[in-house]
Every structure is written in structure tokens, then in C-alpha cells.
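Undergrad: Have a look at this prediction, sequence included:
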Amino acid sequence: MIRAGKELYRNHKELIQKFSLFLLSSGTSFVLDILLFQGFITILKGRLDSYVIISTVLARILSSLYNYTINRIFVFRDSQSVNKTVYKYYILCVCQMMASALSVDGLYRLTNLPETFVKIGVDCVLCVLSFYIQRRFVFSDAQKDS
């Protein structure tokens, strides 16, 4: 079993290292996103009916700026101009933000669990999907060079 694990690591070392860096980057972005989300929830709850969606959008806009920069420089080591990758990243970001906002809002209404708890679960699933999309679509030229 240990030998199989070592062989698996050797065969997929680059992917495992890149995914580990992505998880670290995503983790810090996630913490920032959750803190911002909770702050916006605190401010907007009771004032707007769509406070969950608005809080998700505002938090994601701010945390995505940080996430794009970290992923571009440290995770995917992309040397392309920002112009070549930023629009692809934000297409993904908007889709992911909409999926998160609608899923969190819907699951919150169905379960009545705390909004932040629901968001953590939803965004964990979306994180894994985001890695593969960024690797194959957003920063794909950087992958060809490595």
C-alpha cells in the first residue's frame, strides 16, 4: 500500500504539488471570502431581502482579486500578460459566484442552516471544480510550458 502511494506520488508529483499550492491559495481566499461574506451579512441582513446574494457577490469580487493574483503568480506560474488570462478567470469567477450565490440562497431557504455554514459546504465543492477549470482553461498556456 505504501509502495503504491509512493509510485502514485512520483507519477503525479507536479499535479499534486500544484493542487496543494492551489488548496493553500484557495484556503486563504476562502477565509477572506467568508470573513467578507459574514461582514456583509451582518450589515445587510434585515435591510434587504436578497442580502445573501448581495453579500456573496460583494465578498467574491474582493476575494477574487487576491485569488487571481496568487494563482497567476504562485500556483500556475503564468507568464502570459494579465490581458490573456484575466478575462478567462473572471468568466469562471462570475459563473462560480452565481453558482455559489444561488446554491447558498436555495439551500439556506430549504434547510434554514446558518448562511455561512451553507456557503462553506457549497464553496468546497466549487473549489475542486475551479482547480480543473483554471488549470485547463484559464492558465492553460502556462501548463504547456511546464
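TA: Nice, thanks for sending it over.

Undergrad: who touches the residue nearest in space to the middle of the chain in this structure?
TA: The chain has residue 127 as the residue nearest its centroid, 4.7 Å off, counting by C-alpha atoms, centre = their mean. By C-beta atoms under 8 Å, 6 or more residues apart in numbering, residue 127 lies in contact with 23, 26, 30. The way it works is simple: take the backbone N, C-alpha and C, and place the C-beta from them, glycine included.

Undergrad: in terms of contact, does the second one touch residue 130 like I think?
TA: Yes - counting by C-beta atoms under 8 Å, residue 26 does reach residue 130; the two are 7.4 Å apart.

Undergrad: More neighbours: those two, which one.
TA: Legend: neighbour count by other C-beta atoms under 10 Å for residue 26 and residue 130, higher for residue 26 (24 against 21).

Undergrad: what helix or strand is the more buried one on?
TA: helix 13-44 (DSSP states H and E).

Undergrad: which of the residues in that helix are buried?
TA: Counting neighbours by 16 or more other C-beta atoms under 10 Å, one finds that the buried residues in helix 13-44 are 18-19, 21-22, 25-26, 29-30, 32-34, 36-38, 40-41, 44.

Undergrad: That one packs against which elements?
TA: helix 51-70, helix 115-133 (3 or more C-beta pairs under 8 Å, 6 or more residues apart in numbering; DSSP states H and E).

Undergrad: Out of these, flag the one nearest residue 10.
TA: helix 115-133 (20.9 Å; C-beta to C-beta).

Undergrad: Over the closest one, what's the mean pLDDT, rounded is fine.
TA: In this model, helix 115-133 carries a mean pLDDT of 91.

Undergrad: same deal with stretch 94-109?
TA: Mean predicted confidence for stretch 94-109 is 92.

Undergrad: In it, which residues are buried?
TA: Neighbour-count burial for stretch 94-109 flags 96, 97, 100, 101, 103, 104, 105, 107, 108 (criterion: 16+ other C-beta under 10 Å).
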